[in-house]
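S.K.: Below: sequence and its predicted model.
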Amino acid sequence: MAKTGSGKTLAFSLPIVQRLLKHSEQIGVRALVLSPTRELAIQTYKYITKLAKGTDLRVALIVGGQAIEKQFESISRNPDIIVATPGRLIHHMLELDDKFSMKRVEVLVFDEADRLIEEGFLPQMHEIVSKCKNSMNGRQTLLFSATMPSTLNDFLRVGLMNPVMV
């Protein structure tokens, strides 16, 4: 939990890039960052893309308001990292069904988790967590927030094992 402008994006982006470091030929996204708005997702995508420069990591942006065909193409290139808004991600999960697996997700980030919940994305957050549950490598789930509403606390108890607040 930290105030806006304190470096939360760097706090999750740099460790993701360092952890993954190289593109994996195995099918399946390895890091997923969820943002409450298209604007924030685009900003995060650009930031992670800059951090990943010099690596062969593949980063995809999945948000509403952009050509869905281009996003399908981006997913078909087997991205290591996806930055998405929950609604559009769920849409792709339903459309692609067994062609889009999140079972390999090693890092799941809910950026601005308080806003995700305030904007009504709690059901989608639960659905996304359930799709990542069978991760072969275990999964680290991170929630970044400027505030700690009670619904976020409830989500921590339901969706996470051994949560720690920093």
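M.R.: Arrived safely.

S.K.: Which residues are in contact with the residue most central in space within the chain?
M.R.: By Cα atoms, centre = their mean, the chain has its centre lying nearest to V33, at 1.9 Å. Contact partners of V33, counting by Cβ atoms under 8 Å, 6 or more residues apart in numbering, are F12, S13, I16, A41, T44, I48, I81, I82, V83, A84, V109, D111. Heads up, the C-betas are built off the backbone N, CA and C, glycines and all.

S.K.: hang on, it in a strand?
M.R.: Yes. Counting by DSSP: H, G, I helix; E, B strand; the rest coil, V33 is part of a strand.

S.K.: and the gap between it and V83?
M.R.: 5 Å (Cβ to Cβ, to the nearest Å).

S.K.: and for those two, which residues touch both?
M.R.: A41, T44, I48.

S.K.: Mind giving me the packing neighbours of the helix or strand encompassing the second one?
M.R.: Same thing as T44. Using DSSP states H and E, T44 sits within helix 38-51. For helix 38-51, the packing partners by 3 or more Cβ pairs under 8 Å, 6 or more residues apart in numbering; DSSP states H and E come out as helix 8-20, strand 31-34, strand 59-62, strand 81-84.

S.K.: can you list those in JSON lines and add mean pLDDT and distance to I128?
M.R.: Below are those laid out as JSON lines (pLDDT from 0 to 100; distance: least, Cβ to Cβ, whole Å):
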{"stretch": "helix 8-20", "mean pLDDT": "93", "distance to I128": "16"}
{"stretch": "strand 31-34", "mean pLDDT": "96", "distance to I128": "7"}
{"stretch": "strand 59-62", "mean pLDDT": "96", "distance to I128": "12"}
{"stretch": "strand 81-84", "mean pLDDT": "97", "distance to I128": "9"}
